[in-house]
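# predicted model follows, preceded by the sequence.
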Amino acid sequence: MNHVFLCGDPALDFAGTLRARRTSRFEMLDAPASLGSWYVECGLVNAAPACGDGDLARAVAVREAIYTLVTARLAGDGYDEQALALVNEAARTPPATPQLTAGGRWTEATPEQALSTVARHAIELLSGPEAPLMKECANPECTKVFIDRSRGGRREWCGMESCGNKIKAAAYRARKKQAATPR
């Protein structure tokens, strides 16, 4: 598995495929094949669609539009018209459609259908009851946004293994260092 899914919604996980946006940007969708594998690993489809360079460019543009809309929502700002238009346009394509087979559920899709499914998740999230539960990871280097479904709404990090442990370990080391410093 090459991708991580910590955010609680496929649209947020998709937006998180560009990591550390403020510092050392790391692109997870670096080739058409990685886009196809993301769709499979996310569970949107069972078979990776044959993605080309154009599909990748369009997916990255939609991803950035989703991130723009999500961060605007978090900041309490109005939505960017261009980002809205791009996400809405992607969502107009028919989505991936599951089929029932003798072996169970099976979903195949074109790259456009898979991207439409992601765009529809973004629309549902941003217009639905979980929108107020979105938070940005408290790790200053991380730019992932997640849905905080924790009891009391006190979750701080996108994931304990990825960010929470780093922050807690750094705080522990700082406390130990401060305690060891002579006054």
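Everything's here; your move.

# show the pLDDT at Ile167.
Per-residue pLDDT puts Ile167 at 62.

# cool, and Asn139?
So Asn139 comes in at 86 (pLDDT).

# that one contacts Trp157, doesn't it?
Yes - between Asn139 and Trp157 there is a contact under Cβ atoms under 8 Å: 6.1 Å. Backbone N, C-alpha and C define where each C-beta goes, glycine included.

# and the strands in this structure?
Assigned by DSSP state E, the chain shows strands spanning 18-19, 26-27, 97-101, 104-108, 134-136, 145-147.

# does anything pack onto the longest helix seen in the chain? Which helices or strands?
Using DSSP state H, we find that the single longest helix of the chain is helix 53-75. Under the contact criterion of 3 or more Cβ pairs under 8 Å, 6 or more residues apart in numbering; DSSP states H and E, helix 53-75 touches helix 10-15, strand 18-19, helix 32-42, helix 81-92, helix 111-127, strand 134-136, strand 145-147.

# determine which stretch of these is the most buried.
helix 10-15 (a mean of 25; mean count of other Cβ atoms under 10 Å).

# contacts only, for Thr17.
Applying Cβ atoms under 8 Å, 6 or more residues apart in numbering, one finds that Thr17 lies in contact with 3, 27-29, 38, 63.

# what of Cys142?
By Cβ under 8 Å, 6+ apart, Cys142 lies in contact with 19-20, 157-158, 162-163.
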